[in-house]
Structures are given as C-alpha cells and as structure tokens.
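Visitor: fold the following for me, if possible:
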Amino acid sequence: MDNKKEIITTSILTCPNCGNQKEEEMPNESCQYFYTCIKCNFFMKPKQGHCCVFCSYGTVTCPPKQMENKCC
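Guide: Reported below is the predicted structural model:
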C-alpha cells in the first residue's frame, strides 16, 4: 500500500480586487509570492501569515504545504 499523498499542481486564483478567476500551475518546490491579475492588473501578495498567493487566494494550497513541509 502506497501512503504517498497525491500533490495537486494547479489552483484557481481569485483576484480580491475584481473577482476574476484564473487557473494557474503552481511551482512544485517553492512558493510564488506575487501575482498580477490579468483583468485589472491588481498586484497580489500573500496575506499576513500565508506563505504565498496560492495559500491566500487559491482553491488549493501550494505543493510544499500539501506535502506538509516547512513552507518557503
């Protein structure tokens, strides 16, 4: 029996400014600190206490968090 957890590598980011949603590929070994909305050009950065934009604005947390590793 394989106890490895399957890592999800895509997440849908939702812009807190305009609500636009876009599916994005997440980096596997690191966090993505910044992201610019393609609709309104809002510059996203992680909320306080979060390691990356996917943990703050995504439907899925970043791969390092999913693997329960210490995040970036």
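
Visitor: for the residue nearest the centre of the chain, what are phi and psi?
Guide: Central residue of the chain (CA atoms, centre = their mean): residue 54, 1.5 Å from the mean position. With angles defined as degrees, to the nearest 10, residue 54 sits at phi -70, psi -40.

Visitor: that one against residue 62, yeah?
Guide: Yes. With contacts defined as CB atoms under 8 Å, residue 54 counts as touching residue 62 at a distance of 4.6 Å. Heads up, the C-betas are built off the backbone N, CA and C, glycines and all.

Visitor: joint contacts of those two?
Guide: By CB atoms under 8 Å, 6 or more residues apart in numbering, residue 54 and residue 62 have these common neighbours: 11, 26, 31-32.

Visitor: among those, name the ones in strands.
Guide: residue 11 (DSSP state E).

Visitor: need the worst-confidence member of the shared contacts of residue 54 and residue 62.
Guide: pLDDT across these is lowest for residue 31, at 88.

Visitor: what is the neighbour count of that residue?
Guide: For residue 31, the neighbour count with other CB atoms under 10 Å is 19.

Visitor: repeat for residue 26
Guide: For residue 26, the neighbour count with other CB under 10 Å is 23.
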